[in-house]
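Engineer: Have a look; sequence and predicted model below, questions after that.
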Amino acid sequence: MTPNFLQDWLTKLLGNDAIPIVVVCALPLVFILVYALIAILGEMKISAWMQDRVGPMRTGWKGTFQPFADILKLMQKEDTTPSAVDKFLYNMAPYIVFIGAYAAFAALPFSSAYMGATLNVGIFYIVAISSLAVVGILMAGWASNNKYSLYGAIRSVSQIISYEIPAGLAILCVVMIAGTLDLNQISAIQSGGIQNWFIFGGPFPMEKRLLLLPVMIVLFIIYYITSLAETNRTPFDIAEGESELVAGYHTEYSAMKFAIFFLAEYANMFAVSAVAATLFFGGWQSPFGEVLGGPVWGIMWFVLKSFFFVFVQIWLRWSLPRLRVDQLMSVCWKFLLPFTLVCVVATALIVLNF
Amino acid sequence: MSNIPVDFIDVKKIPQVETQRLRTDEMVLNVGPQHPSTHGVLRLEVVLDGEIVVDVVPHLGYLHRCFEKHTESMSYPQVIPYTDRMDYLASMGNNFGYALTVERLCNIQVSEYVEYIRVIMAELQRVASHLVAVGTYGLDIGAFTPFLYCFRDRELILELFEMTCGARLLYNYIWIGGLSHDIPNEFVPKCREFIKKSRETHKEINNLLTYNKIFIERTANIGILPADVAINAGASGPMLRGSGVKWDLRRDDPYSVYNKFEFDIPVGKGWYGTVGDCFDRHFIRMLEWEQSLNILDQALDSLPERTDVQAAIPKRIKTPVGEVYSRIENPRGELGYYIISNGGANPFRCKVRSPAFVNLSILPIISKGYMVADLIAILGSTDIVLGEVDR
């Protein structure tokens, strides 16, 4: 079951070369759109239940059509562009942010038979391409010709590029243990049931597993915290901190462009959750080993694990207050980074000696 | 700009500003008048050096409705609905202060039953106002959920008020010489239910917000107001008590029947930072909430015999020529009414000393040298209501 399975099968079926490529590339886009609807409804309902409310109840059965209503509303809204903005940057910014989030989906292992693009530098590519979003955010903040937006954009940029360091080092440790950058291979290594997932030590002999266990747990926590910062979610949402900056870098955007920013944020949330699920929790592997395993069930496990981490992100957003910008930077540089460096050295020692 | 002499202002020295070698420009940012966090229509002109606040100039008047001028053309009882609308989150207190002032001017005595009901309503209003203050403070800091838990409790209080006088926010309840309605029979049991529920919410909000490490990092050692600055600037209420000054009008200048109740006056102790920081003020509001529940318990236990609440209301208010100043402890501080009467049916002059106005004037002093996010936290801790600031 190579990850190229879908593309090869379609090429054999149709004889054509171009259509299978388009199909394979468009499938993540379709997934993002469907997932965004679920995630928007999920955020509304989960936040409502946590706050002792019920959320939307009137649109559709108990409010399930609310995301459709929101998308329709955004599509038919007037696209107001302030007159003093830098037109080119202002118009391009949402799309660049979305591209940064969407392109990461090319290397996510949805199942053993499907990956958007079979790169052997999978995770490295993901870390690199999701930095494209930083450029988009800076463009949005500057081009809006608005002091609040500029504040939001600058804070967001400094936050994202700072937190990429602990994130990258945490990923590096897992890569050292797995021996490959390809996410599909990393998922394949963790086969055999829940005890072989990297978070519990990995499919290694007992001494190596016991030594790796604390390191892996710490690395997962570090990676998860940095993923919250990468996607600008509370407690790291100073970039869009409503109470201070109205809406930060997307203050001046309305209608479809705002929808693209929104979509990009949810896509990014899924991408980082998926990476966390793949690196530490087995990706498309079933927790029961071979039962309910295989390429088709793999999609379900992958999506389920990622949805769980998205749910935790939503949960944290509605529970915790916001960190101030200098506290945020302190957490990254003075707290997460030393832990990460210790973990890198520990992982290197374990990998070399066991 | 503030008229306080320069050597009185203690500009906090920030290392980041000291070590700058490049000359940077300062940016003027307008916070408000439309802004999610200014608690109303307030415009703050903030001069920023990067993220550090160099100066804050509040611009008021967006909600000025000429209350004091209006009072000159209305009779004394007609002023009461207008007093509701000043501090719209503590309407009972506004009515109470005005009614006490006019009763002192005209020497009207009310029965003990009426006094007890007034105290019960004022303390319920204090809890309701502190719930809004704590909830919106959480919103300012970025915690969305405590706001809804606080408003869930506030619903119970507003139901109690609605059951008594028909209104949820602006009551027109405490009249000169009495009350507009007597409390119904379901009031006392429902109030006791509320007190029990509220004690649980108090613990819940403490666990969710007050003792949260992120919240403490955001509010401790921020906006430190020294005690002497607070007294000199005329601060009152939780602003003053947060700086360690034990001054509460219910104890130090008692009015109505407050001298019959046992309650603590919480003062700032610098629990997680310095005395007089934002966390102290927030925590004092939480403690005052608890103390108000104690007062309510005692008042409900010792409620005297029911009398006619409108018995002492005069048919026509005959004020002697003269002036009177009377003050009460509103949730925001010392609310004072200064009424000059020339013997006619209307007040000649009614001046209101609004606590939020005076507390807001301290904002430029205590927020220099902090960051923009801290400015929002400090503004939230002053707990202003623009209706009262502007009148």
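Structural biologist: It's in. Numbers count the residues shown, from 1 in each chain, chains lettered A, B, ... in the order given.
Engineer: What part of the chain, helix or strand, is modelled with the least confidence?
Structural biologist: You didn't pick a chain, so chain A it is. The helix or strand of chain A with the lowest confidence, counting by mean pLDDT, DSSP states H and E, is helix A:242-245 at a mean of 53.
Engineer: okay, now the residue nearest to A:Ile189 when sequence neighbours are not counted: neighbour count?
Structural biologist: In this structure, A:Ile189 finds its nearest non-sequential neighbour in A:Ala178, 5.5 Å apart by C-beta to C-beta, 6 or more residues apart in numbering or on different chains. The way it works is simple: take the backbone N, C-alpha and C, and place the C-beta from them, glycine included. Look at A:Ala178: counted by other C-beta atoms under 10 Å in any protein chain shown, it has 21 neighbours.
Engineer: can you check the one 4 residues further on too?
Structural biologist: Residues contacting A:Asp182 under the criterion other C-beta under 10 Å number 21.
Engineer: That one against A:Ala117, yeah?
Structural biologist: No: assessed by C-beta atoms under 8 Å, A:Asp182 is found out of contact with A:Ala117, at 11.1 Å.
Engineer: hang on, the earlier thing: ok, the residue nearest to A:Ile189 to A:Pro203 distance?
Structural biologist: Distance from A:Ala178 to A:Pro203, counting by C-beta to C-beta, to the nearest Å: 10 Å.
Engineer: joint contacts of those two?
Structural biologist: Applying C-beta atoms under 8 Å, 6 or more residues apart in numbering or on different chains, one finds that A:Ala178 and A:Pro203 are jointly contacted by A:Ile189.
Engineer: For the one helix or strand A:Lys257 maps to, what is the distance to the chain centroid?
Structural biologist: According to DSSP states H and E, A:Lys257 maps onto helix A:255-281. Relative to the centre of its chain, helix A:255-281 is centred 4 Å away, using C-alpha atoms, centre = their mean, to the nearest Å.
Engineer: next one: stretch A:155-171
Structural biologist: Distance of stretch A:155-171 from the chain centroid (C-alpha atoms, centre = their mean) equals 13 Å.
Engineer: now swap in stretch A:302-311 and tell me
Structural biologist: Taking C-alpha atoms, centre = their mean, one finds stretch A:302-311 lying 10 Å from the centre of the chain it belongs to.
Engineer: Is there proximity between that stretch and chain B?
Structural biologist: No: against chain B, stretch A:302-311 shows no contacts by C-beta under 8 Å from any C-beta of the partner chain, the least distance being 15.9 Å.
Engineer: which residues touch the residue of the stretch 1-150 of chain A found nearest chain B?
Structural biologist: Nearest residue of the stretch 1-150 of chain A to chain B: A:Gln51, at 4.0 Å (C-beta to the nearest C-beta). By C-beta under 8 Å, 6+ apart, the contact set of A:Gln51 is A:Trp318, B:Phe144, B:Thr145, B:Leu148, B:Tyr149.
Engineer: Doesn't the last one lie inside a strand?
Structural biologist: What that stands for is B:Tyr149. No: applying DSSP: H, G, I helix; E, B strand; the rest coil, one finds B:Tyr149 to be helix, outside a strand.
Engineer: Identify the residues contacting it.
Structural biologist: B:Tyr149 is in contact with A:Gln51, A:Asp52, B:Gly135, B:Thr201, B:Glu204, B:Ile205, B:Leu208, counting by C-beta under 8 Å, 6+ apart.
Engineer: For these, which entry has the maximal number of neighbours?
Structural biologist: When neighbours are counted by other C-beta under 10 Å, B:Gly135 leads the contacts of B:Tyr149 with 24 neighbours.
Engineer: Report the residue spans of chain A with pLDDT below the cut-off.
Structural biologist: Flagging of chain A using pLDDT under 70 yields the residue ranges A:1, A:240-248.
Engineer: Look through it and state the residue closest to chain B.
Structural biologist: For chain A and chain B, the shortest gap (C-beta to the nearest C-beta) falls at A:Arg322, measuring 2.7 Å.
Engineer: Can you give me the neighbour number for that residue?
Structural biologist: Burial measure for A:Arg322: 26 neighbouring residues, criterion other C-beta under 10 Å.
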